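Student: Below are the sequence and a predicted model; questions follow.
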Amino acid sequence: MPHFPRHLLASAMAILIGTAAFQAQAETRVTYKSASAGTAYYQMGVELSEAIRQGSDGEVVLTLEESQGSVQNVMEVMARQGNYVFTTPPGLVEQAMAGEGAFAERQTPRFQEIRGLFPIPAITMHFVVAGDEGVIGLEELEGKHILIGRGTFGAREAERYLEMFDLLDKVQVASANIGSGPDALKNGQIEAFVTASSFPTPNVIETAASMPVSLVSLTDEQIAQTGAARQTIPGGTYPGIDQDVETTSLPVIAYTTTSMDDETAYTLTRTFWERRDAMAEETAWWGGITHDMVGNIAGTLHPGAIRYYDDAGIEIPDALR
């Protein structure tokens, strides 16, 4: 075994330790909290983490965490330090900052530290019903055993619609988490389930591939009454549903807090927009994201995100600065 002078060995060790420390320092870890596994939003998180890894040459690593929904994602701002990114409809951020709705009893100054980054595909309401009609009216839910989930945006929105259109007393609502919807429908335990997710959503594809299903299409009047944005699910998106389905959707935004440093927020925002087209080639839902959707963000943008939008010449409303 060759003999190395001690000072050379010490130098070599110092270089190795220094290199390891530099690599550890160079890699920025970000927690990304979106939705429960099996949903479109969890799948988006998988795709986004890969896009960020590629686009930042591995400098930023997104670690996915399962979530029970948008309200929980916002609530966790109370306890989270460092690089926490979460997705939620902007309306919930407005509620959190104002101390209203689900946040009326649980207030914290930390909600004022929420900052926007970029838009992601909108939450689209899906009313999935057993049967081969393809497209049906909302009134056909009457008398059915229906699972709407609990605690999520989709569950609250579904209950709001059932109440608004006088169906709440005319259906039997199953008490179970939305994750069990596809299996319960296949097993005949329920006759319909509601899921709020971007389309094409994995749990509806999976259900439609194994049994005949129909989707509820709303009328123009019903959509207007909900106050939500119209969303068309094109015919052919799901097996056996050849006609367009008219439903509603809600914008969704990737948020962080002021705990994130400007450089990380800049890198995340820049990489998202630079990788958007490549992501859209892999999965259709990214193709609908446009620069003007930045205007849907509630609150203000993170300074790092503002720097990217200014650098890229993307116009942002003054209220977001």
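Tutor: Cool, got the structure. Please read these numbers as outputs of a predicted model, since none were measured by experiment.

Student: which residues touch Thr39?
Tutor: Residues counted as contacts of Thr39 (C-beta atoms under 8 Å, 6 or more residues apart in numbering) are 195, 197, 201-203. Every residue, glycine included, has its C-beta placed from N, CA and C.

Student: The host helix or strand of Leu268 packs against which elements?
Tutor: Secondary-structure element containing Leu268, defined by DSSP states H and E: helix 262-282. Contacts defined by 3 or more C-beta pairs under 8 Å, 6 or more residues apart in numbering; DSSP states H and E place helix 262-282 against strand 28-33, helix 40-55, strand 60-65, strand 114-130, strand 245-257, helix 303-312.

Student: To Ser210, which of these lies closest?
Tutor: strand 114-130 (11.3 Å; C-beta to C-beta).

Student: and Thr258, how many neighbours does it have?
Tutor: Residues contacting Thr258 under the criterion other C-beta atoms under 10 Å number 14.

Student: Okay, it and Ile148: tell me how far apart.
Tutor: Counting by C-beta to C-beta, to the nearest Å, the gap from Thr258 to Ile148 is 35 Å.

Student: ok so, going back, next, give me the two most distant ones among the contacts of Thr39.
Tutor: Greatest spacing in those, by C-beta to C-beta: Thr195 and Pro202 (9.9 Å).

Student: quick one: which of the two has more around it?
Tutor: Thr195 (28 against 17).

Student: Same question for that one, what's its three-state structure.
Tutor: strand (DSSP: H, G, I helix; E, B strand; the rest coil).

Student: That one and Ile178 touch, don't they?
Tutor: Yes. The pair Thr195 / Ile178 is scored as a contact, 5.9 Å apart, by C-beta atoms under 8 Å.

Student: shared neighbours of those two, which are they?
Tutor: Residues touching both Thr195 and Ile178 (C-beta under 8 Å, 6+ apart): 149, 154.

Student: in the stretch 101-250 of the chain, which spans are strands?
Tutor: Assigned strands in the stretch 101-250 of the chain, in chain order: 114-130, 135-136, 145-147, 172-174, 192-197, 213-216, 229-233, 245-257 (criterion: DSSP state E, counting those that start in this stretch).

Student: Mind checking those strands for the one nearest to Glu100?
Tutor: strand 114-130 (14.6 Å).

Student: What angle do strand 245-257 and that closest one make with each other?
Tutor: 150 degrees (axes from the mean of the first three to the mean of the last three C-alpha atoms, to 10 degrees).

Student: Neighbouring strands of strand 114-130 in the sheet, and parallel or not?
Tutor: Next to strand 114-130 in the sheet, as set by DSSP bridges, lie strand 192-197 (antiparallel), strand 213-216 (antiparallel), strand 245-257 (antiparallel), strand 300-301 (parallel).

Student: okay, and the helix or strand of the protein with the least pLDDT?
Tutor: helix 6-26 (a mean of 52; mean pLDDT, DSSP states H and E).

Student: ok, Met164 - contacts?
Tutor: Met164 makes contact with 225-226, according to C-beta under 8 Å, 6+ apart.

Student: go on, Glu157?
Tutor: By C-beta under 8 Å, 6+ apart, the residues touching Glu157 are 125, 196, 228, 250.

Student: same thing but 7 Å
Tutor: By C-beta atoms under 7 Å, 6 or more residues apart in numbering, the contact set of Glu157 is 125, 196.

Student: Tell me the spacing between it and Asp311.
Tutor: For Glu157, the distance to Asp311 (C-beta to C-beta) stands at 37 Å.

Student: One more: Met211?
Tutor: Distance, Met211 to Asp311, using C-beta to C-beta: 50 Å.

Student: what does Lys33 give?
Tutor: Separation of Lys33 from Asp311 (C-beta to C-beta) stands at 28 Å.

Student: neighbour count winner among the two?
Tutor: More crowded of Lys33 and Asp311, by other C-beta under 10 Å: Lys33, with 22 against 11.

Student: in this structure, which ranges drop under the pLDDT threshold?
Tutor: 1-26 (pLDDT under 70).

Student: Out of the strands paired with strand 114-130, indicate the one that is most buried.
Tutor: Of all the strands paired with strand 114-130, strand 192-197 has the most neighbours on average by mean count of other C-beta atoms under 10 Å, namely a mean of 28.

Student: and the angle for that strand with helix 40-55?
Tutor: Here strand 192-197 points in a direction 20 degrees away from that of helix 40-55 (the same axes, to 10 degrees).

Student: Could you list the alpha-carbon positions for strand 192-197 in PDB?
Tutor: Only the C-alpha atoms of strand 192-197 are listed here, as PDB (Å, rounded to 0.1, in the frame of the first residue of the first chain):
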ATOM      1  CA  ALA A 192     -72.600   8.000  -8.100                       C
ATOM      2  CA  PHE A 193     -69.700   9.900  -6.800                       C
ATOM      3  CA  VAL A 194     -68.400  13.500  -7.100                       C
ATOM      4  CA  THR A 195     -64.800  14.300  -7.600                       C
ATOM      5  CA  ALA A 196     -63.200  17.700  -8.100                       C
ATOM      6  CA  SER A 197     -60.000  17.500 -10.000                       C
END
